[in-house]
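Mind looking at a prediction? Sequence and model below.
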Number of protein chains: 2
Amino acid sequence: MIQSLLAGCRWGAAGEGEAYAPANIALCKYWGKRDAVLNLPVTDSLSVSLGRLGTHCRIALSGRDDLYFLNGCEQAAGSAFASRLRVFLDHFRGSGRYRYRVDTTNTVATGAGFASSASGFAALVLALDALHGWDCDKSTLSSLARIGSGSACRSLWHGFVRWRAGVAADGSDCHACPLGREWSSLRIGLVSVCTDAKPVSSRAAMSRTVATSSLYRSWPQQVENDMTGLVAAIEGQDFDMLGMYAEQNALAMHATMIAAKPPVLYWKPGSIEEMEQVWKARTEGVPVYFTMDAGPNLKLLFEEQNQSKIQQWFPEMQVANPWRF
Amino acid sequence: MIQSLLAGCRWGAAGEGEAYAPANIALCKYWGKRDAVLNLPVTDSLSVSLGRLGTHCRIALSGRDDLYFLNGCEQAAGSAFASRLRVFLDHFRGSGRYRYRVDTTNTVATGAGFASSASGFAALVLALDALHGWDCDKSTLSSLARIGSGSACRSLWHGFVRWRAGVAADGSDCHACPLGREWSSLRIGLVSVCTDAKPVSSRAAMSRTVATSSLYRSWPQQVENDMTGLVAAIEGQDFDMLGMYAEQNALAMHATMIAAKPPVLYWKPGSIEEMEQVWKARTEGVPVYFTMDAGPNLKLLFEEQNQSKIQQWFPEMQVANPWRF
């Protein structure tokens, strides 16, 4: 698969490759794979990128073994970080049997519950493209990033990005593309509830849900409806519509997990408290909505003109501006 | 409907009628109506009654107006309690245009989140039968109680009770019946998280879920599977199987609500804490499961021989013995 994506590309290896990719937050979630090896999803999904919150990656050839640095600290070869990168890089060593030195620096807090794997794999693929001089189009790089981490395929662009599920068995029509709309006042607030390691990985939760949750059967219909609503909200710049669809989509995703066997409940007591805060703020006239990924933390959606009001409700939140990068 | 159920019955009114009915906890939930006036459910459900936790009801004719007493205190005619009883009693005043005095005493804490409406309407119907001398069979009384509160139809019996959804439009085949199995070591522990009035009534939550939750479409399939599993667990006295199915059924019911528009989230931070306690106890080898109704409180399932261990984990719980009445 990777070979066919890179067929006809140059393959040099001079100096180093360097790139940045933003993290992204899904407004309509990627939840469920039709192919677990190629990371092909059951449904489309839609995200907004987080501007300057993301990952810088530098990659160069290494003399002997792979070397991995995360935020300046070398990572042991047996670490989860190194293992996941090594498996991915095995696809790219080419006839030169290259060894790599990878320097990854996250501007989004690592392990604070705001997944850096999407921006990490997107930045890595962009850096590989620069290092080897493939000069691939971004759709191809999106497909390559997808193989590292599904949602990484959306981190190739800023702004709103749609990942199309496609139908091809080899994933050749399964990559993201920018929606081509801006919404300059939209902001994302990161609210951290718990930064402990997750008891169940997103990957395991997703596959357990697909395999065992009877409610998951209704998920594709939910997504179809929500995608239509979200795209219409973005085109009409209708903030309440955007927030309502995004919040409901996230809750429905969590609902499919809660109904898995055994259940996957990522919510902590603090997650409920923060959800209740959002609902309370809305009843008091503050336009704020939330979304949540496969974890206990909230991501708030609001508009720039309400930021100071919302910071009074959520003084600890970190604000991302998708349109400043 | 009520007239046809009581056709051919005697209809006296001498002295007073008195009866007791137990509360019940659903192991497979009643969630969704196919007829909101007659309280006809979409699916079957299965409960266990709570023995001595329930409602005593005394009913007599009253001179002028209806009089309602709850736990010895007279309830104002305009109160929610009086209004709900009055509407129900309007079906039974007969040609005598009877006025009633109703004394209701709950042995399960009123308003502590452990619904007393099921035992309340079941006891009321039994007391009416005694007062008027209808001498109805219990299936008929179960149908009458169902019209007051759906799950009340299951409170006509002790032990395990199955409510069959039926197919008739007039509900004539829609009543409960005892499963005919005992499980003398089974106990129920009531764990109260929050006793505030619910922000959304069960009735409203149910109808909103049916109308707006895309995940609800999968609920009938969930119930079909769980009913089979629960009946098999009871027949085989397989406690882990019983607990697993009951817990998963309750979580799936809550999942359908969480996916409603707008969402219905009955869980409080304390609900998550108590669920986590149950799961932690199980990982430490203590066989305990939970179920939850449309509210924030937990009901634990365990066996008598583990009661003291479980009381160490949940020192505040109130224990019900379904087999002592």
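Now that the structure is in, tell me what you want to look at. Residues are numbered from 1 along each chain as shown, chains lettered A, B, ... in the order given.

what's near enough to touch the nearest residue to A:R208 once chain neighbours are set aside?
In space, and not counting its chain neighbours, A:R208 is closest to A:A260: 5.0 Å by CB to CB, 6 or more residues apart in numbering or on different chains. Just so you know, the C-beta spots here come from the backbone N, C-alpha and C atoms, and that holds for glycine as well. The neighbourhood of A:A260, defined by CB atoms under 8 Å, 6 or more residues apart in numbering or on different chains, consists of A:A205, A:R208, A:T209, A:T212, A:S213, A:Y216.

Remind me which helix or strand the residue in the stretch 51-200 of chain A that chain B sits nearest to belongs to.
Proximity of the stretch 51-200 of chain A to chain B (CB to the nearest CB) peaks at A:P199, 9.5 Å away. Following DSSP states H and E, one finds A:P199 outside all helices and strands.

and it, how many neighbours?
Applying other CB atoms under 10 Å in any protein chain shown, we find 11 other residues in the vicinity of A:P199.

Now do stretch A:63-72: distance from first to last residue.
Terminal residues of stretch A:63-72 lie 19 Å apart, using CA to CA, to the nearest Å.

what's the answer for stretch A:183-194, then?
Taking CA to CA, stretch A:183-194 runs 30 Å from one end to the other.

same check, this time on stretch A:60-72
End-to-end distance (CA to CA), stretch A:60-72: 15 Å.

Tell me how far that stretch lies from the chain's centre.
With CA atoms, centre = their mean, to the nearest Å as the basis, stretch A:60-72 stands 24 Å off its chain's centre.

now do stretch A:37-44
Distance, centroid of stretch A:37-44 to centroid of chain: 14 Å (CA atoms, centre = their mean).

What of stretch A:155-168?
11 Å.

Next: stretch A:308-321.
With CA atoms, centre = their mean, you get 22 Å for stretch A:308-321.

list the buried ones in it?
A:I310, A:W313, A:F314, A:M317, A:Q318, A:V319, A:A320, A:N321 (16 or more other CB atoms under 10 Å in any protein chain shown).

Identify the residues contacting the second one.
This means A:W313. A:Q277, A:A281, A:V286, A:V288.

And the next helix or strand past the helix or strand hosting the second one?
Per DSSP H and E, A:A281 falls inside helix A:269-283. Next helix or strand after helix A:269-283 toward the C-terminus (DSSP H and E): strand A:289-291.

Could you pull up the mean pLDDT of that next one?
Mean pLDDT, computed over strand A:289-291, is 98.

Walk me through which strands it pairs with, and which way each runs.
Its sheet considered, strand A:289-291 pairs with strand A:298-303 (antiparallel) by DSSP bridges.

Can you give the distance of the strand it pairs with from its chain's centre?
On CA atoms, centre = their mean, the centre of strand A:298-303 falls 16 Å from that of its chain.

can you list contacts of that strand?
Residues outside strand A:298-303 that contact it (CB under 8 Å, 6+ apart): A:25, A:27, A:114, A:185-191, A:193, A:239, A:242-243, A:246-247, A:271, A:274-275, A:278, A:287-293, A:310, A:314, A:317.

Scan chain A for its longest strand.
strand A:45-61 (DSSP state E).

Residue in chain A with the shortest distance to chain B?
A:P269 (3.4 Å).

Do you know the pLDDT at the nearest residue to that residue once chain neighbours are set aside?
Distances taken as CB to CB, 6+ apart place B:P269 nearest to A:P269, at 3.4 Å, with adjacent residues excluded. According to the prediction, B:P269 has pLDDT 97.

do the same with A:S192
A:S192 is assigned 92 on the pLDDT scale.

I figured it hits A:N297, correct?
Yes: assessed by CB atoms under 8 Å, A:S192 is found in contact with A:N297 at 5.3 Å.

How far away from the center of its chain is the lengthiest helix in chain A?
Looking across chain A with DSSP state H, the single longest helix is helix A:239-258. From the chain centre to the centre of helix A:239-258 is a distance of 16 Å (CA atoms, centre = their mean).

Which strands or helices does it pack on?
If you count contacts as 3 or more CB pairs under 8 Å, 6 or more residues apart in numbering or on different chains; DSSP states H and E, helix A:239-258 packs onto strand A:16-28, helix A:202-212, helix A:219-236, strand A:289-291, strand A:298-303, helix B:239-258.

the inter-axis angle of the second one versus helix A:239-258?
In other words, helix A:202-212. With axes from the mean of the first three to the mean of the last three CA atoms, to 10 degrees as the basis, helix A:202-212 and helix A:239-258 are set at 70 degrees to each other.

So what touches helix A:202-212?
Outside helix A:202-212, the residues that touch it by CB under 8 Å, 6+ apart are A:31-33, A:36, A:42, A:115, A:200, A:216, A:256-257, A:260-262, A:264, A:266, A:293-295.

That concludes my questions; thank you for your assistance.
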